[in-house]
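Trainee: I'll drop the sequence and a predicted model, then ask my questions.
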Amino acid sequence: MLGVPFATTPDTAMAAWDEVNGDEPPPAPLGGASGDQFVPHEDGYPITLKDGISSRLRFRKDPSEPTGFQAEWRVANRSFPIPEGFTLGPAVARVTTYFHEPHMTLEFDDEARAFHLSYQGGLNVQSQVSREKGDTQTAARLGAAPWHIGVLAALLLVYEIFCGVHGNEALEGRSLKVTKDHLQRAFLLLKLAGCLASRNVHRLKDIALGDLASDPDAVTPTAQELLGSVSAPWARENFASFPATQPPPQDDNGASDHDAPNAPNVADSLVAAPATPTVENPPLALLTSKDVRALDYGYGHDGSSVQGNLHAPRLTDRFNVRHTLLMGTPKMDAREACSRLRSAKNEGKKALPRDKWMIVIKAASDQCSVIRLQENDGGSVSLALKPPPSDADARIRYHNDLMQLCGLSLRELTDAMAKAQKAACENKRKRKKEDEDEEAEDEK
């Protein structure tokens, strides 16, 4: 999660230290005493995280852990002083004063109302297309998107009041309305959700406050400084752009204004959506359950199941792959996996047939290189899992492959692997003790 692949065992951390620093030993503990509970000592290795913040890494000795150690981090200090003239008090007072009456509403102006109607039409069309393809999860998100855009646009106006963008006359008259510009910025902000990238975050200020963000007369310098420190990641493309139905307007000199299109014609069902921000070398996005197919979406054509008739309603293609991987071993035997995948008690608790399991795993391996169906000596069959990589970007791609395959995160997989390893060690210990007891009994 922190992008530091060597934070697994003291040996890997020491190897990483030697690779960078050669024969130079880690710095001595600040307090002088090394202690015997930590490796290399209580203060740990000085490291720099991917965002440039300094931290410390140490390993606490813990017999309950599979490796015998628990990695611990020093929480980095990311606090910063609030600029003078931009404390929370005046900002909160502006909002509470403007909305001092109960049940006050923020309305769209005429142009924004027409613009929002076009969003509803376009997004509802996309929602219906996704529903017809069997992707009910995407269809639900697109269906709710117009509501999200409207609410977020109103919140952007509240945010402007909070930041002191509008003058006293507009605040006292309480005449502010949601505009087309608020809707366009809300559409772009929806594209920021769900990504863990930390680069290009200063673009948030330009989207949240629009042209006002770069206008020195509209926002105080201290407000600009604070807004510039806000962190928000870029997100994956969630909404497709609609084709423009008319050319962009031109000014008296014939110049086109692509950044501020005219209000759309309400009669048009599709209009030009705001252009997607261009990002140079965009960082990898970490997928979540909201970004991938539901477990009932099969590996067959248009989401149909490759099993034909399901052995049980819950034993869908992706469910079977997910719970096979949760066995947590490098190779998952078909017999053991099928034994775990059983129908409900009232349906006889019958194990999943081996041929159905093999069909599912074969279809899944054709779509994802992380797993493959393997035939073993003696005729047995198993699922072979590609080990998780150590490189940070490679781990993100590995995680995304798992999520798209069956909605399983890398964290869930590694937890299952650690649990399986711990259980194997415990079984080995028990067998050893039984053998020793049996030998002692034979000696008697």
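Mentor: Thanks, I have the structure now.

Trainee: now the strands for this structure?
Mentor: Ranges of strands in the chain, per DSSP state E, are 38-39, 45-48, 54-61, 69-73, 331-333, 371-375, 381-385.

Trainee: ok, the fifth one: who's next to it in the sheet?
Mentor: Strand partners for strand 331-333, identified by DSSP bridges, are recorded as strand 381-385 (antiparallel).

Trainee: can you give me the neighbour number for Gly167?
Mentor: By other C-beta atoms under 10 Å, 9 other residues sit near Gly167. In this view, the C-beta of every residue, glycine as well, is placed from N, C-alpha and C.

Trainee: sketch out the low-pLDDT regions of the stretch 51-200 of the chain for me.
Mentor: Residues of the stretch 51-200 of the chain meeting the criterion pLDDT under 70: 51-52, 75-80, 82, 84-86, 191-200.

Trainee: repeat that with 80
Mentor: In the predicted model, the stretch 51-200 of the chain carries pLDDT under 80 at residues 51-55, 73-87, 189-200.

Trainee: do the same with the stretch 301-444 of the chain
Mentor: For the stretch 301-444 of the chain, the stretches flagged by pLDDT under 80 are 302, 344-348, 377-379, 442-444.

Trainee: and the helices in it, which stretches?
Mentor: Applying DSSP state H, counting those that start in this stretch to the stretch 301-444 of the chain gives helices spanning 317-325, 334-340, 354-367, 392-406, 410-443.

Trainee: so which bits of the fourth one are buried?
Mentor: Of the residues in helix 392-406, those scored as buried under the neighbour-count criterion (16 or more other C-beta atoms under 10 Å) are Arg395, Ile396, Tyr398, His399, Asn400, Asp401, Leu402, Met403, Gln404, Leu405, Cys406.

Trainee: and the last one, by the same measure?
Mentor: Going by neighbour count (16+ other C-beta under 10 Å), the buried part of helix 410-443 is Leu410, Glu412, Leu413, Ala416, Met417, Ala420.

Trainee: check stretch 139-157 too.
Mentor: Within stretch 139-157, the residues that count as buried by 16+ other C-beta under 10 Å are 139, 141-143, 145-146, 148-150, 152-157.

Trainee: same check, this time on stretch 165-173
Mentor: In stretch 165-173, counting by 16+ other C-beta under 10 Å, buried: Val165, His166, Leu171.

Trainee: try stretch 121-133
Mentor: Quick answer for stretch 121-133 (16+ other C-beta under 10 Å): Gly121, Gly122, Leu123, Asn124, Gln126, Ser127, Ser130.

Trainee: which residues touch the last one?
Mentor: In this case it means Ser130. If a contact means C-beta atoms under 8 Å, 6 or more residues apart in numbering, then Ser130 has Thr136, Thr138, Ala139, Leu142 as its contacts.

Trainee: let me know the closest of those residues to Thr105.
Mentor: Leu142 (26.2 Å; C-beta to C-beta).

Trainee: what number of residues lie near Tyr119?
Mentor: Count around Tyr119 with other C-beta under 10 Å applied: 23.

Trainee: so who does it touch?
Mentor: Per C-beta under 8 Å, 6+ apart, neighbours of Tyr119: Ala145, Pro146, Ile149, Leu183, Phe187, Ala273.

Trainee: including distance to Asp43, could the residues you listed go into CSV?
Mentor: Formatted as CSV, these follow (distance: C-beta to C-beta, whole Å):
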residue, distance to Asp43
Ala145, 50
Pro146, 54
Ile149, 50
Leu183, 52
Phe187, 49
Ala273, 53
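
Trainee: just those now: which is nearest Lys362?
Mentor: In terms of C-beta to C-beta, no member of the contacts of Tyr119 lies closer to Lys362 than Ala145, at 36.5 Å.

Trainee: skipping adjacent residues, who's closest to the closest one in space?
Mentor: Spatial nearest neighbour of Ala145, chain neighbours left out: Leu123 (4.8 Å); criterion: C-beta to C-beta, 6 or more residues apart in numbering.

Trainee: distance of Ala144 from Val370?
Mentor: Computed as C-beta to C-beta, to the nearest Å, the Ala144 to Val370 distance reads 32 Å.

Trainee: go on, Pro83?
Mentor: Taken as C-beta to C-beta, the span from Pro83 to Val370 is 48 Å.

Trainee: looking at those two, which is more packed in?
Mentor: Taking neighbours as other C-beta under 10 Å, Pro83 and Val370 compare with Val370 leading, 22 against 15.
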